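In: Test case, fold it:
(chains A, B, C and D)
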There are 4 protein chains.
Amino acid sequence: MKAIKTAVVGASGYTGAELLRLLLMHPAAELVCVTSRQYEGEPLEKVFPRFRGVQGSQLEFTAPSADTIAAAGAEVAFLALPHGVAAEYAIALLEKGIRVIDLSADFRLNSAEVYEEFYGHPHPAPELLDEAVYGLPELKGRSEAIKSAKLVASPGCYPTSIITPLVPLLEKGLIDPASIVTCSMSGVSGAGKTGNVLFSYCEANESVRAYGVPKHRHLSEIEQELSIAAGQAVQISFTPHLVPAHNGICTTTSATLTGDADAIGAALEEAYGGSDFVRLLGKGQPADTKNVTRTNFLDIGWDYDPRTGRVLLLSAEDNLGKGAASQAVQSMNLMFELSATEGLQNI
Amino acid sequence: MKAIKTAVVGASGYTGAELLRLLLMHPAAELVCVTSRQYEGEPLEKVFPRFRGVQGSQLEFTAPSADTIAAAGAEVAFLALPHGVAAEYAIALLEKGIRVIDLSADFRLNSAEVYEEFYGHPHPAPELLDEAVYGLPELKGRSEAIKSAKLVASPGCYPTSIITPLVPLLEKGLIDPASIVTCSMSGVSGAGKTGNVLFSYCEANESVRAYGVPKHRHLSEIEQELSIAAGQAVQISFTPHLVPAHNGICTTTSATLTGDADAIGAALEEAYGGSDFVRLLGKGQPADTKNVTRTNFLDIGWDYDPRTGRVLLLSAEDNLGKGAASQAVQSMNLMFELSATEGLQNI
Amino acid sequence: MKAIKTAVVGASGYTGAELLRLLLMHPAAELVCVTSRQYEGEPLEKVFPRFRGVQGSQLEFTAPSADTIAAAGAEVAFLALPHGVAAEYAIALLEKGIRVIDLSADFRLNSAEVYEEFYGHPHPAPELLDEAVYGLPELKGRSEAIKSAKLVASPGCYPTSIITPLVPLLEKGLIDPASIVTCSMSGVSGAGKTGNVLFSYCEANESVRAYGVPKHRHLSEIEQELSIAAGQAVQISFTPHLVPAHNGICTTTSATLTGDADAIGAALEEAYGGSDFVRLLGKGQPADTKNVTRTNFLDIGWDYDPRTGRVLLLSAEDNLGKGAASQAVQSMNLMFELSATEGLQNI
Amino acid sequence: MKAIKTAVVGASGYTGAELLRLLLMHPAAELVCVTSRQYEGEPLEKVFPRFRGVQGSQLEFTAPSADTIAAAGAEVAFLALPHGVAAEYAIALLEKGIRVIDLSADFRLNSAEVYEEFYGHPHPAPELLDEAVYGLPELKGRSEAIKSAKLVASPGCYPTSIITPLVPLLEKGLIDPASIVTCSMSGVSGAGKTGNVLFSYCEANESVRAYGVPKHRHLSEIEQELSIAAGQAVQISFTPHLVPAHNGICTTTSATLTGDADAIGAALEEAYGGSDFVRLLGKGQPADTKNVTRTNFLDIGWDYDPRTGRVLLLSAEDNLGKGAASQAVQSMNLMFELSATEGLQNI
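Out: Numbers count the residues shown, from 1 in each chain, chains lettered A, B, ... in the order given. Next up is the predicted model:
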């Protein structure tokens, strides 16, 4: 099998490191270029001692540059860069015929206006928004769109855990779109590899707190996809929390049932019963982050509370995995006509 | 100052240990009797090595018995026993003229029927329900009731964090009582000192999950107190979660605003502005469990989301502190006409 | 490639689960039988929700029995059983021509007398001691012995981290065998999947302590292998500690230098320079458990303190990996003439 | 009781915060001045939300200046500053007649040469070295010296846990001074309140590693005090480790017995049997950091290994407590003729 030649741009953070880990182990992919201004000239295995001695880990970081990436023969580049910065690399790489999987927020929104509202600056490349595919392969028809995409916008961590269980219920009109309330709990790696003292061990340990309320940036892509599913504009209440764990997101969403309670499980089953990565736990079964860390699985349980008439959707994923790096690799697999699970079966 | 003679019944779990810690340090209280079947005959300091060498820690555990407690001269007894069991000790102790602060659920509900619905067995002492005071001293008039009470039912951990911020808003009609959705996150000590492998280090670490849905027992007392405040029957959606922390509860409650957003802060300020233990953080300020562990503080922040019209109430407490042991000591202080903060000022 | 048919006996603990994880992912092995009295009749994926949906995870636990294992066609059986119990299964399986990799202590010692001294009961199968190979493949000649072994005694977790760095120095006479002092720190999974409240989250979290002093059972195999290397009887001072981590062992060993300090690095390089799994970090480079968890790597750094004349050996491994399950799989690879790294390259 | 007027200089780190916590709660002390360049003008309770609402927490940080401290009427100043910086404040404060308790390393060593060797720059105030008292009150005669001291050098965290158990054995000649090997494990707060990514939650969690070998700076004061006790120059092998805990130090020291094993317990008992803060656990009893965090206790257990002839000393303390802040408060109590345990009895 000919290996796909891959590049990772901005590979020094947690999402970048997880991409490297997955690509180093991937049986049908090869890392040909990794970039990091901070670590230019250093081999992967020096920056990430965990990778020492692994085949491919002697590759050296280069400064980020579309020319360098093209010269290395990359067929696809993963962008693990801040929003705003990612777009300029995407433009340059696409021009050179290199397909792009962007893990930033730059191409997740269909609307440049919404982007500016949530991200606080004009969209850096509005002309590419039409071309970009929001890379949540489990959504209807999305897998096919990803296969032929030149530019995939890989979803955010919270959105993946929130959108996936809600979409089938909204599509079938089983819940009231105006009643959705979501609480998510994220491990600390969601804050990135940072020197911010707020995320130091002694501050984050034994600390549980909400943050980013009431208008977290991820709402923009969440509401975009929920609105598509509902066929009407949807706005939700979303409160993210930071909890003392390395990785993992646990999401609890509730919404008022408008249909038949028995239809909930059936709708989830119809949407995801044959999915490679969505695991349906069934009624009354909460999802536990412990079971999905370092995998591409998204676990979904659900329940119904007849007292309040509300449906509960309980989901768990790895914020660095299905919420970021492994989901991006899943898109790569689709784009290069591999099995969706190639290189993503580790548990 | 004459020290209050206190007993702790069922002192070997986490709530019991926290009671012992607070009473050993309390400047106006003295432990005269501690009971535990498991540790009968052993001194406190042997069972809890943390207490070694502290004055009073040589006291030996006795088998639980109202006679023994009375013989020791106890004026007040804290019951840290399972529901169902606590009631029988309460009866026997009250008969001997010993005041009782019960940390179980046995006397929290006004209705024996609701008790049976939620706890699965008939109420063991329905004749005492009228006499018992639900010991959340911050509620209006509750402090006065506690002062003269013979039997205080100390609130549950989740309820304290949920009821306290909601009550002023319901009393003033600022939110729609039918719209309340609550997510709480509790540290593992909430599961008790247990050999259940589910709560072993390796299972609970790096694990975040919902549990006990959709009808957690604490709903009964939560809804009782919210209904009183609202002047109408209230039912809420409540999802507790287990997070990898020792102690602390972080609660996020949202509800649809029906009044003026500016009135939220004012209502909280009016209710708790002069409180010893409720700390108002203000608008946009999430509460962090880190700041309240091992204290009797309940921190409350809030926010308003004009997009969804929902109010957010963000609260944090120590599940073993304001959610259990220190709140019970606060009641004791009131019952014996001490300053409410006596022995509860440690940070 | 024809898959090796494997069985795991006693698969419900942490070592068993790690074996299952490795064998489910192994490209050249197939699980044909897993046993557990506790979980008889339940599929793997129900007992270990992490494995849900993974190929092979529908296999059901059976009661442990050599007949059942043989009937399933197993070519090799891993025993993840308590010492004393493992031996009887080993005897029965060997009689049926099934090769055995025992992860208990039953066959690690050459001497039945030493076994009885350290384990407190007569050896259950002394006649097999000669046949058993102590399965630390990095030791000289050991790899060859494992290849043809019918019975491999896979080393204990602490011993692997202690023996490996010391052996080359003892063989070359670079340190005084009477001067060896070792401190190890283990994550809580080393205590097993247990309902013992000592290892509950709330007890083990924020707790660091020594235990099992001064004569931990693992000393028996440590001293056996060190004595072989030194060509004389060696006894060491060994203090294990429990630290609040899930997995990983960090070991610090010091010994008085009797040779040339420059020879230390050279001796390690000569012994392990070409090793697949021992990673030499060099002088002044401490090993971090973070870099080896969930791998079969053993990282070794070292230093020399001219003030005290002592050499420091700093090693790290995963107690469930190189210290147990993945090391056992490494032996399987050797026994079945696979590449040593087959199925063990995940990072 | 007239309150002692106290100042804390450099109060924004973890040691500073623990000092503030202890002084805010101290029944016989009052904070009159707290300094921090970073937080000048902000009240304590804003910088440390944990202190919100506590009496005294409205005090504002000022820029550090001896004049300001004197103007506030401080009788004693605690210096929680980096070494090198502390000395200049000590000089200025002493000149103004303010007694100084320095928590940095500046005055711990009797020898300016040793200081320069270990700290890499000339001693900033060698003329004060004679006057300074090494503030480990449990050492013989040290309590008396502290009472009359103008300048107390409060010991380092590791040294307190290492020196205390060793001194009585060295004084009685029970162990070979040349044979001492120490391993310590510290929680992450030992690294200070820092934005260094190495100590971020995601890096420090699930990470156990040695560091600072082979010549940690604390060796200078350790060996100074051990040499005094032994009556001869002592050098030890010391390896500190970082473990994933907030606070606490666990220390294991071994040394060759040269006297009678029975004399070990007796020597410890003679030295510390009546101590307020050293708790002797007895033979075979490891010390657990869990029991001493947030206290001024130092727990000591011990054992003897007849196989190797080595004594084991097992100690635990809070690195921020007995290893820093509470030990400094203990010195203050002595200097102002309070009971040694005043304000230090919380558990």
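In: just the helices in the stretch 51-200 of chain A please.
Out: Here the stretch 51-200 of chain A has its helices, by DSSP state H, counting those that start in this stretch, at A:66-71, A:86-95, A:112-119, A:142-147, A:157-171.
In: so which of these comes closest to chain C?
Out: Closest to chain C of those, according to CB to the nearest CB: helix A:157-171, at 15.3 Å. In short, each C-beta sits where N, CA and C put it, glycine included.
In: Find out how far the closest one is from the centre of the chain, if you would.
Out: Computed by CA atoms, centre = their mean, to the nearest Å, the separation of helix A:157-171 from the middle of its chain amounts to 12 Å.
In: Does at least one residue of that helix sit close to chain B?
Out: No: Helix A:157-171 lies out of reach of chain B by CB under 8 Å from any CB of the partner chain, never closer than 11.5 Å.
In: For the residue of the stretch 1-150 of chain A found nearest chain B, which non-adjacent residue is spatially closest?
Out: Going by CB to the nearest CB, chain B is nearest to A:Glu117 of the stretch 1-150 of chain A, at 11.0 Å. What sits nearest to A:Glu117 in space, not counting adjacent residues and going by CB to CB, 6 or more residues apart in numbering or on different chains, is A:Ser220, at 7.4 Å.
In: For A:Glu116, see how far away that neighbour is.
Out: 10 Å (CB to CB, to the nearest Å).
In: Likewise for A:Lys96?
Out: For A:Lys96, the distance to A:Glu116 (CB to CB) stands at 28 Å.
In: Could you list the low-pLDDT ranges of chain A?
Out: Within chain A, the stretches with pLDDT under 70 are A:1.
In: Kindly confirm my reading that A:Arg50 is in a helix.
Out: Yes: with DSSP: H, G, I helix; E, B strand; the rest coil as the criterion, A:Arg50 is part of a helix.
In: What is the neighbour count of it?
Out: Neighbourhood size, A:Arg50 [other CB atoms under 10 Å in any protein chain shown]: 23.
In: Surely it is in contact with C:Asp288?
Out: No: the pair A:Arg50 / C:Asp288 is not scored as a contact, 9.1 Å apart, by CB atoms under 8 Å.
In: the more surrounded of A:Ser220 and A:Glu116?
Out: The neighbour comparison of A:Ser220 against A:Glu116 (other CB under 10 Å) goes to A:Ser220, with 20 against 14.
In: Restricting the selection to alpha carbons, write the strand or helix carrying the more buried one to CSV.
Out: A:Ser220 belongs to helix A:219-230 when assigned by DSSP states H and E. Output in CSV follows, covering the C-alpha atoms of helix A:219-230 (Å, rounded to 0.1, in the frame of the first residue of the first chain):
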residue,chain,number,x,y,z
LEU,A,219,-21.7,28.1,19.7
SER,A,220,-21.4,29.4,16.1
GLU,A,221,-20.6,26.1,14.5
ILE,A,222,-22.9,24.2,16.9
GLU,A,223,-25.9,26.3,16.0
GLN,A,224,-25.0,26.3,12.3
GLU,A,225,-25.2,22.5,12.1
LEU,A,226,-28.2,22.2,14.5
SER,A,227,-30.1,24.7,12.3
ILE,A,228,-29.4,22.7,9.2
ALA,A,229,-30.7,19.6,10.9
ALA,A,230,-33.8,21.4,12.3
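In: Quick check: what element follows it along the chain?
Out: strand A:237-242.
In: And that following strand, what's buried?
Out: Buried residues in strand A:237-242, counted by 16 or more other CB atoms under 10 Å in any protein chain shown: A:Ser237, A:Phe238, A:Thr239, A:Pro240, A:His241, A:Leu242.
In: Quick one: those residues as CSV, columns for distance to D:Glu171 too.
Out: Output for those, formatted as CSV (distance: CB to CB, whole Å):
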residue, distance to D:Glu171
A:Ser237, 67
A:Phe238, 65
A:Thr239, 60
A:Pro240, 58
A:His241, 54
A:Leu242, 51
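In: A:Ala87 reaches A:Leu128, doesn't it?
Out: Yes: here A:Ala87 reaches A:Leu128: they are 7.4 Å apart, a contact under CB under 8 Å.
In: Name the residues contacting each of those two.
Out: Counting by CB atoms under 8 Å, 6 or more residues apart in numbering or on different chains, the common neighbours of A:Ala87 and A:Leu128 are A:Phe107.
In: At the contact with chain D, which residues of the stretch 101-250 of chain A appear?
Out: A:188-189, A:193-197, A:199-206, A:244, A:246.
In: Are any of the residues you listed buried, and if so which?
Out: Buried among those by 16+ other CB under 10 Å: A:188-189, A:193-194, A:197, A:199-206, A:244, A:246.
In: Just the C-alpha atoms of stretch A:311-322, please, in PDB.
Out: Extracted as PDB, the C-alpha positions of stretch A:311-322 are listed here (Å, rounded to 0.1, in the frame of the first residue of the first chain):
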ATOM      1  CA  VAL A 311     -34.800  14.100  26.900                       C
ATOM      2  CA  LEU A 312     -31.200  13.700  28.200                       C
ATOM      3  CA  LEU A 313     -28.400  13.100  25.700                       C
ATOM      4  CA  LEU A 314     -25.200  11.900  27.400                       C
ATOM      5  CA  SER A 315     -22.100  11.800  25.300                       C
ATOM      6  CA  ALA A 316     -18.300  11.400  25.800                       C
ATOM      7  CA  GLU A 317     -15.300  11.800  23.500                       C
ATOM      8  CA  ASP A 318     -11.700  12.600  23.700                       C
ATOM      9  CA  ASN A 319     -11.300  16.300  23.100                       C
ATOM     10  CA  LEU A 320      -8.000  15.700  21.400                       C
ATOM     11  CA  GLY A 321      -9.300  12.600  19.600                       C
ATOM     12  CA  LYS A 322     -12.800  12.500  18.100                       C
END
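In: is chain B contacted by that stretch?
Out: Yes: using CB under 8 Å from any CB, stretch A:311-322 comes into contact with chain B via A:Leu312, A:Leu314, A:Ala316.
In: For the closest residue to A:Gly212 other than its chain neighbours, give the beta-bridge partners.
Out: In space, and not counting its chain neighbours, A:Gly212 is closest to A:Pro240: 5.4 Å by CB to CB, 6+ apart. Beta bridges link A:Pro240 to A:Ser184, judged by DSSP bridges.
In: Please list all residues in contact with A:Pro240.
Out: A:Tyr158, A:Cys183, A:Ser184, A:Met185, A:Ser186, A:Ala210, A:Tyr211, A:Gly212, A:Val213, A:His216, A:His218.
In: how deep is the closest residue to the first one other than its chain neighbours tucked in, by neighbour count?
Out: Spatial nearest neighbour of A:Tyr158, chain neighbours left out: A:His218 (4.6 Å); criterion: CB to CB, 6+ apart. Applying the criterion other CB under 10 Å, we find 23 residues in the vicinity of A:His218.
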